[in-house]
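Visitor: Pasting the sequence and the predicted coordinates here, then a few questions.
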Amino acid sequence: MTVTRAVVRGVGHYLPERVVENEEFVSIVDTSDEWIRTRSGIERRHFAAEGETTSDMAAKAGRAALDMAGMDASDVDAIVLATSTADLTFPSAATMVQAKLGTGGFAFDIQAVCAGFVFALSNANALIVSGQAKRVLVIGAETFSRILDMTDRTTCVLFGDGAGALLLEAEDGTGERTDRGVLATDLNSDGRFRDILYVDGGISTQTTGHLRMQGKEVFRHAVEKLAATAHKSLEKVGMTGDDVDWIVPHQANLRIIKGTASRMSVPMERVIVTVQDHGNTSAASIPLALSVGHARGQIQKGQVLVMEAIGGGLAWGSVVLRW
Ligand code: UT7
């Protein structure tokens, strides 16, 4: 039987030039490098320059993924961009990236906050498997620095900006040849928990608003829901934690990453960790970790990856992929 799979051809990322070390926050709010490191694992993060937008960063990450794939922009027939911090209310940041790169086809944004990349990847996979697109650029990009309340120490020290991208291509085949690419996905949301992580403004309230989070509450949900979704998508392809070469988790908190890996019985040696250098970049965190993990030589062809993420909504999910 012929099966179509969405296979990874390229990966890339972009981080803004400005690096903000934990120490910088000590003069802004009542905090310390020690508190931030021990509670979250974060040491530094990147902040976008004045005037630098989400679509600027997304286009750079997309360009890097195309370069690795050895493809031109004209080869791409869809862009799916996960972001909660688009440049404008409309059009989508994805169409801005389309114009910047010169791709054809169609482009749209997906908003599932920190879980955005797994939602985007799942949708891109569906476009490919259903034959609606052959080559899809899946991007996660955020400028969370623009929605931080710099007087709120419980949130402002945790987030950063950046972008990462994957270039997926349809591959038809039978047997081993079709064993690569996206193997399974699992998506969830539960709006009853919308008040524990949200932005207190928006288009219909005519404000931009700031990020508000009950960190402890989100933490309480995170480990349990992340391990559950990862198990669920692994089960769909008859796998367990033992079959996983790399967990590529959403990078919000090192303690959540460790707790989830432990519940999945996967040792930390098989987890890609970038939270110390990027902070929480929301929808950009997984593709950034994929790109950095690939550049470090950790992620290799044929390996099984499980990506998992949770964020505002609450929305959470996972993707199992053979690289
Ligand atoms: O990406 C979307 C999903 N988001 C997440 O997954 C984030 C989930 N939550 C977390 O990562 C953690 O809950 C935090 C890192 C946000 C906080 O860690 P925590 O261990 O849950 O700390 P806490 O909120 O219980 O706060 C402990 C103490 C409090 O003081 P008291 O009440 O014990 O006196 C806070 O006021 O730490 C205080 N605190 C700080 N102290 C120094 C909170 N923020 C800071 C700070 N510096 N920046």
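Guide: Received the coordinates, thanks. Numbering: from 1, shown residues only.

Visitor: So which bits of the stretch 1-150 of the chain are right by the ligand?
Guide: Contact residues, the stretch 1-150 of the chain versus the ligand (Cβ under 6 Å from any ligand atom): Thr31, Trp35, Arg39, Ser40, Cys114. Using the backbone N, CA and C atoms, a C-beta is placed for each residue, glycine as well.

Visitor: so how far is Ile139 from the third one?
Guide: As defined by Cβ to Cβ, to the nearest Å, Arg39 lies at a distance of 30 Å from Ile139.

Visitor: what about those two, which has more around it?
Guide: Taking neighbours as other Cβ atoms under 10 Å, Arg39 and Ile139 compare with Ile139 leading, 39 against 16.

Visitor: my guess is the more buried one contacts Ile79, does it?
Guide: Yes - here Ile139 reaches Ile79: they are 6.7 Å apart, a contact under Cβ atoms under 8 Å.

Visitor: shared neighbours of these two, anything?
Guide: Counting by Cβ atoms under 8 Å, 6 or more residues apart in numbering, the shared contacts of Ile139 and Ile79 are Gly62, Ala94, Val97.

Visitor: what about the first one, how many neighbours?
Guide: The local packing count at Gly62 equals 33, with neighbours defined by other Cβ under 10 Å.

Visitor: how about it, what does it touch?
Guide: Taking Cβ under 8 Å, 6+ apart, we find Gly62 in contact with Gly12, Ile79, Val97, Leu101, Leu137, Ile139, Ala165.

Visitor: Now do the strands in the protein.
Guide: Along the chain, counting by DSSP state E, strands occupy 3-14, 18-21, 44-47, 78-82, 106-110, 135-143, 161-173, 181-189, 197-199, 211-213, 246-249, 304-311, 315-322.

Visitor: Listing partners with orientation, what would you give for the third one?
Guide: This points to strand 44-47. Strand 44-47 pairs in its sheet with strand 18-21 (antiparallel), by DSSP bridges.

Visitor: Tell me where the stretch 1-150 of the chain has helices.
Guide: With DSSP state H, counting those that start in this stretch as the criterion, the stretch 1-150 of the chain has helices at 23-26, 33-40, 54-69, 93-101, 116-129.

Visitor: How about the stretch 151-300 of the chain?
Guide: Going by DSSP H, counting those that start in this stretch, the stretch 151-300 of the chain shows helices at 153-156, 215-236, 254-263, 275-278, 285-295.

Visitor: In the stretch 101-250 of the chain, what residue lies closest to the ligand?
Guide: At 2.7 Å from the ligand, Gly215 is the closest residue in the stretch 101-250 of the chain, using Cβ to the nearest ligand atom.

Visitor: would you turn the residues of the stretch 1-150 of the chain next to the ligand into CSV with pLDDT?
Guide: Output for these, formatted as CSV (pLDDT from 0 to 100):
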residue, pLDDT
Thr31, 98
Trp35, 98
Arg39, 97
Ser40, 98
Cys114, 98
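
Visitor: Please convert the buried members of these into PyMOL selection syntax.
Guide: Restricted to buried positions by 16 or more other Cβ atoms under 10 Å, the PyMOL selection for these reads:
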select buried, resi 31+39+40+114
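
Visitor: on that earlier part again, ok, so of the shared contacts of Ile139 and Ile79, who is nearest the ligand?
Guide: Ala94 (21.6 Å).

Visitor: All set now, cheers.
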